[in-house]
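> Kindly generate the corresponding structure for this input.
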Amino acid sequence: MSIYFFLSLILLGGIILYLLFKLCHIYQQISLIKEVLEDIKAGNLNRRVLAQDNDRIKEICYDINEIAMDSQAQLIHQKQSEQAYKSLMTGLSHDVKTPLSSLVGYLEAVEKGIVTGEEKEEYVHVAFEKAQHLKHFVENLFEWVKLDAGEQIFHFEVLDINEISRNIMADWIPVLESRDFQYEIVIPEQEYWMFVDINAYTRIINNLLQNILMHSQGDEMKFQILENSQKMKIILEDNGKGISAEHLPHIFERLYQCDNARSGKGNGLGLAITKELVSAHKGMITAESILDKGTKFIISLPQKNITR
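Residues are numbered from 1 along each chain as shown. Take a look at the predicted model:
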């Protein structure tokens, strides 16, 4: 009986020693966690808690490490956003200040009588064009801000995209002809029903055509629609100066202007707006270009198996 009692005491003592060891280890781990949390709280998001596989609180360590990594990623994103915002403000300041200063200069010359007669009329005409350009820039800027903030309200409805496209292009034919632009328009005769916001879709096509007229420095344009049961493709291409491989990946970025390859007119917002509007239709827009050959814009929009 005494032997069993003695063995029981030994076993109990071993269990107590084991528990004390584990408690000591847990206390050390908690102290380390507390130290890491204090460092993270102080702004050191690089700290991590090392947990062994047999550690009973390893899940807590993993959660803390995940929180630290998420916070670090958010901080990096915040810094990148702040830098992008600063760059945006710098670009906007330049894009507004430059034409505004020029506009004021022309108007002051007219007001002070520095120019007279035909030259005065020319100054007034140039001032009007610069004012229109500035107005167009501000309108585009407001539209882009609404799109970027997710505040743009869309009204999607089932419409025949081919009919809409024909109506849009019909309005552009007089403009193209007045600019001596040769054009080819290929739109299927059959109906093709899609969920579309007619105003947004019209803006997409108008922006791309405006881009071709203002920047391509070409004299030919082709508008083509290709369709199947899954999606439709809208292809707009010109025979202009093209866009260099250096600039091509960036043309849909806000305020980006590739002045070396195409005309320096514009404000760098038209294609950025176009991309956002295409994305709102669950579509994708890409561009292909060869210098001195021309540029091709390709829009892919999904078809929702709509029958009428």
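> I'd guess Ile234 is in a strand, am I close?
Yes. Counting by DSSP: H, G, I helix; E, B strand; the rest coil, Ile234 is part of a strand.
> Distance check, it against Leu209.
Using CB to CB, to the nearest Å, Ile234 is found at 11 Å from Leu209. Yep, even glycine has a C-beta here, placed from its N, CA and C like the rest.
> Also Pro302?
23 Å.
> got it, and Asp148?
Between Asp148 and Leu209 the distance is 23 Å, computed by CB to CB.
> now do Gly242
Noted for Gly242: a distance of 17 Å to Leu209, by CB to CB.
> And Glu119, by the same measure?
For Glu119, the distance to Leu209 - CB to CB - is 34 Å.
> Neighbour count: these two, which is higher?
Remark: of Glu119 and Leu209, Leu209 carries more neighbours, 23 against 12, as counted by other CB atoms under 10 Å.
> is it true that that one lies in a helix?
Yes. Counting by three-state DSSP, Leu209 is part of a helix.
> residue ranges of the helices in the stretch 51-200 of the chain, please?
58-111, 117-148, 161-178, 198-215 (DSSP state H, counting those that start in this stretch).
> Pick the most buried one from those helices.
Among these, ranked by average contacts under mean count of other CB atoms under 10 Å, first place goes to helix 198-215 (a mean of 20).
> distance between that one and the chain's centre?
17 Å (CA atoms, centre = their mean, to the nearest Å).
> Contact partners for the closest residue in space to Tyr201 that isn't next to it in sequence?
If the residues on either side of it in the chain are set aside, Tyr201 comes closest to Ile164, at 6.3 Å by CB to CB, 6 or more residues apart in numbering. By CB atoms under 8 Å, 6 or more residues apart in numbering, the contact set of Ile164 is Val196, Ile198, Tyr201, Thr202.
> now the last one, nearest residue through space, not along the chain?
With CB to CB, 6+ apart as the measure, Ile168 is the residue that lies nearest to Thr202, at 5.7 Å, once sequence neighbours are left out.
> my guess is that neighbour contacts Asn206, does it?
Yes. Using CB atoms under 8 Å, Ile168 is in contact with Asn206, at 7.2 Å.
> End to end on stretch 143-160, go ahead and measure it.
Stretch 143-160 has an end-to-end distance of 26 Å (CA to CA, to the nearest Å).
> List the neighbours of that stretch that are in contact with it.
Stretch 143-160 is contacted by residues 191-200, 254, 269, 272-273, 276-277, 280, 306, 308 when judged by CB under 8 Å, 6+ apart.
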